[in-house]
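Undergrad: Predicted structure and sequence below. I'll ask about it afterward.
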Amino acid sequence: MARAATAFVCSACAHEAPKWHGRCPSCGEWNSLVEEARAPAPSRRGGAGAPNGRVARPVRLADVQAVKIARLLTGIGELDRVLGGGLVPGSLVLLGGSPGIGKSTLTSMALGNLAGAGRRTLYVSGEESAAQIKLRADRLPGAALEVPVLAETDLDTVLATLDAERPEVVVIDSVQTLHAGDLTGAAGSVGQVREVADRITRLAKARDIAVLLVGHVTKEGALAGPRVLEHLVDCVLQFEGERERTYRTLRALKNRFGSTSEAGVFEMRQGGLVEVQDASARFVGEATRAPGSVVLAAMEGSRPLLVEVQALVSPSELVPPRRIANGIDRNRLALVLAVLARHAGVSVGSADVFVNVAGGVRVDEPGADLAVALAVASAARGVVAANEAEPVTSRASAVTSEARQTRQTRQMRPVACFGEVGLTGELRSVAHPERRLAEAAKFGLGPTIAPAGAGRGATEAPTLRAALTPALRVASRRAPAA
Ligand code: TYD
Ligand code: MG
């Protein structure tokens, strides 16, 4: 009897079963069986243990001829930078992001620019009809209308077309909509997605086609589809942000041809995505200068970025009270609140705490801790965290009149800060203090509150408690007059 073409393999213990089970018969894990195409049974020749492959000759690395690869520039500066200087021919890039974030827009724009530069391109869409793609391209700048499109969901047809058309760059939008006829699973199932990506990879490497694979990521973090691809592709880009917000960040999570610390900031406008080069200026300009608002000198890859962190502390009847975090890790918020209460005398035990990074930006670095702590402290005490505009001497501020106070409030600049909060209430240093300080100084926000040893331009604070004093200084001076 012929072996079935597919098998169901447990993703936890690799047990292989001929048919699907809800629970792995071997390890007992639920929902772990995934359909996979079965490799043809290896023919065994020679004695036991004797390898039957061809003998290949290993090469010393020093003798390897490294050819300088000319990258394909997408013409979108932020995208090229995140890719490590453009697309590498024959490479596979996975672009993940939740629906509506702008993946199709970004890839259409990139292809349009490449087509405009005389490159052979192809846009394969399993999601939209050619007419729908055209509607979008109409709104986009550049040569977006020059891109040939193929609305198709059958993998074999797509592969045959790729082989015949030989584009230099192809976009597959999205990997979840293509369907391999020889697997029974529905399009988008883990087995299908892996098979689709695997076969596209093989063709792309053989024909030197650069592939941009678009993959959906659901809000609940159901990354199953794209996640299984991460080891297959050369580069994984994550497009983040909230659909309703204007700002989106593009990050490299994995990159065989560049750094993974790069990030690009975009804004969704009427005519497609626009690169935001002066992101810091925007975020600082939009900062509210109200209690609960602090500017964080964050790092987006190798680039410093100033973002506003906001907190709201409001009395709550709920037990336990709410802890809502947007743009930062929820566990970091819990940690910061605990340290604030235990080591800095700011207790919010019976209040709801909301923390938000303005503009829909996500900061995933420990350096954000201090900003979260100061924003919460500022909100809890109802005082503004700010510096005066001019360097006010203590003598001058000691004799503040009411008129002067109002002027002060108007001229206040938000407090900028960065630093990791340790469990014993200490502030720990984070990467690139000098770049963060320089960025804050550039926008007139210095001195920046930072961990000890940060260097020139910083108000150094060894502990979180010590950092509260300079941060909430303006208000405490005003307090006696109030
Ligand atoms: P889209 O790229 O289709 O998102 P994805 O492929 O990630 O699902 O577009 C996202 C949203 O952007 C869509 O709701 C419409 C909006 N949009 C604009 O605001 N301006 C534009 O120029 C375009 C093309 C889209
Ligand atoms: Mg889309």
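TA: Looks like it arrived, so ask away. Quick caveat, the model's predicted, so the values are computed rather than measured. Ligands and ions are numbered 1, 2, ... in the order given.
Undergrad: who in this protein is up against ligand 1?
TA: Contacts of the chain with ligand 1, taken as C-beta under 6 Å from any ligand atom, map to 97, 99-105, 136, 139, 268, 270-272. Backbone N, C-alpha and C define where each C-beta goes, glycine included.
Undergrad: Please pick the buried ones from those residues.
TA: The neighbour count (16 or more other C-beta atoms under 10 Å) marks G97, I101, G102, K103, S104, T105, M268, G272 as buried among those.
Undergrad: I'd like those laid out as CSV, including pLDDT and secondary structure.
TA: Shown next, in CSV, are those (pLDDT from 0 to 100; DSSP: H, G, I helix; E, B strand; the rest coil):
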residue, pLDDT, secondary structure
G97, 87, strand
I101, 89, coil
G102, 92, coil
K103, 93, helix
S104, 94, helix
T105, 94, helix
M268, 87, strand
G272, 88, strand
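Undergrad: Taking those residues, tell me the two that lie furthest apart.
TA: G97 and G272 (15.4 Å; C-beta to C-beta).
Undergrad: I'd like to know how far R251 sits from ligand 1.
TA: 15 Å (C-beta to the nearest ligand atom, to the nearest Å).
Undergrad: Show me what the helix or strand where that residue lies is packed up against.
TA: Using DSSP states H and E, R251 sits in strand 247-255. Helices and strands touching strand 247-255, by 3 or more C-beta pairs under 8 Å, 6 or more residues apart in numbering; DSSP states H and E, are helix 77-83, strand 235-240, strand 263-269.
Undergrad: In contact with whichever residue of the stretch 301-450 of the chain sits closest to ligand 1, which residues?
TA: Minimum separation of the stretch 301-450 of the chain from ligand 1 (C-beta to the nearest ligand atom) falls at G360, amounting to 13.4 Å. Neighbouring residues of G360 by C-beta atoms under 8 Å, 6 or more residues apart in numbering: G241, E242, E244, R245, T246, Y247, R248, G327.
Undergrad: And for it, nearest residue in space, chain neighbours not counted?
TA: R245 (3.1 Å; C-beta to C-beta, 6 or more residues apart in numbering).
Undergrad: quick one: that neighbour is in a strand?
TA: No: applying DSSP: H, G, I helix; E, B strand; the rest coil, one finds R245 to be coil, outside a strand.
Undergrad: tell me which residues form a beta bridge with the residue of the stretch 201-350 of the chain found nearest ligand 1?
TA: Nearest residue of the stretch 201-350 of the chain to ligand 1: G272, at 4.1 Å (C-beta to the nearest ligand atom). Beta-bridge partners recorded for G272 (DSSP bridges): R269.
Undergrad: Spit out the contact partners of it.
TA: Counting by C-beta under 8 Å, 6+ apart, G272 has contacts T105, S108, M109, R139, L140, P141.
Undergrad: about what we covered before: dump the C-alpha coordinates for the strand holding R251 into PDB.
TA: Only the C-alpha atoms of strand 247-255 are listed here, as PDB (Å, rounded to 0.1, in the frame of the first residue of the first chain):
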ATOM      1  CA  TYR A 247       2.000  56.200  14.000                       C
ATOM      2  CA  ARG A 248       3.300  52.800  13.100                       C
ATOM      3  CA  THR A 249       6.700  51.300  13.800                       C
ATOM      4  CA  LEU A 250       8.500  48.800  11.700                       C
ATOM      5  CA  ARG A 251      11.000  46.600  13.500                       C
ATOM      6  CA  ALA A 252      13.300  43.800  12.500                       C
ATOM      7  CA  LEU A 253      12.900  40.800  14.800                       C
ATOM      8  CA  LYS A 254      15.400  38.700  12.900                       C
ATOM      9  CA  ASN A 255      17.700  39.800  10.100                       C
END
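Undergrad: Return the distance of it from the chain's centre.
TA: 4 Å (C-alpha atoms, centre = their mean, to the nearest Å).
Undergrad: that older thread, could you tell me the per-residue confidence at the residue nearest to G360?
TA: Note for R245: predicted pLDDT of 70.
Undergrad: hmm, back to that, where's the residue of the stretch 301-450 of the chain closest to ligand 1 relative to M299, distance?
TA: 18 Å (C-beta to C-beta, to the nearest Å).
Undergrad: can you check L159 too?
TA: 41 Å.
Undergrad: Which of the three states applies to the closest residue to V88 other than its chain neighbours?
TA: Once flanking residues are discounted, V88 sits nearest to F257: 4.9 Å by C-beta to C-beta, 6+ apart. Judged by three-state DSSP, the three-state class of F257 is coil.
Undergrad: so what's F257 up against?
TA: Here F257 is in contact with L83, G84, G85, V88, S91, D234, C235 (C-beta under 8 Å, 6+ apart).
Undergrad: ok, the residue nearest to the first one when sequence neighbours are not counted - how many residues close by?
TA: Using C-beta to C-beta, 6+ apart and skipping residues adjacent in sequence, the residue nearest L83 is G258, 6.2 Å away. Neighbour count of G258, defined by other C-beta atoms under 10 Å: 19.
Undergrad: So V9 belongs to a strand, correct?
TA: Yes: counting by three-state DSSP, one finds V9 located in a strand.
Undergrad: any idea how far ligand 1 is from it?
TA: On the measure of C-beta to the nearest ligand atom, V9 and ligand 1 end up 31 Å apart.
Undergrad: close enough to count as contact, that residue and A37?
TA: No: V9 is beyond contact range of A37, at 10.4 Å (criterion: C-beta atoms under 8 Å).
Undergrad: quick one, which of these two is more surrounded?
TA: Neighbours per residue (other C-beta under 10 Å) separate V9 from A37, with V9 holding more: 19 against 16.
Undergrad: Check that one and give its pLDDT.
TA: Value for V9, per-residue pLDDT: 81.
Undergrad: Please name the bridge partners of it.
TA: Beta bridges link V9 to E16, V34 when assigned by DSSP bridges.
Undergrad: so who does it touch?
TA: Taking C-beta under 8 Å, 6+ apart as the test, what V9 contacts is H15, E16, A17, L33, V34, E35, E36.
Undergrad: and which of the residues you listed is nearest to ligand 1?
TA: V34 (25.5 Å).
Undergrad: check contacts around the closest one.
TA: Taking C-beta under 8 Å, 6+ apart, we find V34 in contact with F8, V9, C10, S11, S189, V190, G191, R194.
Undergrad: Would you mark the buried spots in stretch 284-303?
TA: 284, 287, 289, 291-301, 303.
Undergrad: least confident pick among those residues?
TA: Ranking the buried residues of stretch 284-303 by pLDDT, G301 lands last with 73.
Undergrad: Next, count neighbours for A368.
TA: A368 - counted by other C-beta under 10 Å - has 31 other residues nearby.
Undergrad: Quick check: it touching E300?
TA: No: checked against C-beta under 8 Å, the pair A368 and E300 is beyond contact range at 11.9 Å.
Undergrad: Wait, a strand at A441?
TA: No: under three-state DSSP, A441 sits outside any strand and is assigned helix.
Undergrad: Surely it is in contact with G457?
TA: Yes: assessed by C-beta under 8 Å, A441 is found in contact with G457 at 5.3 Å.
Undergrad: That'll do, ta.
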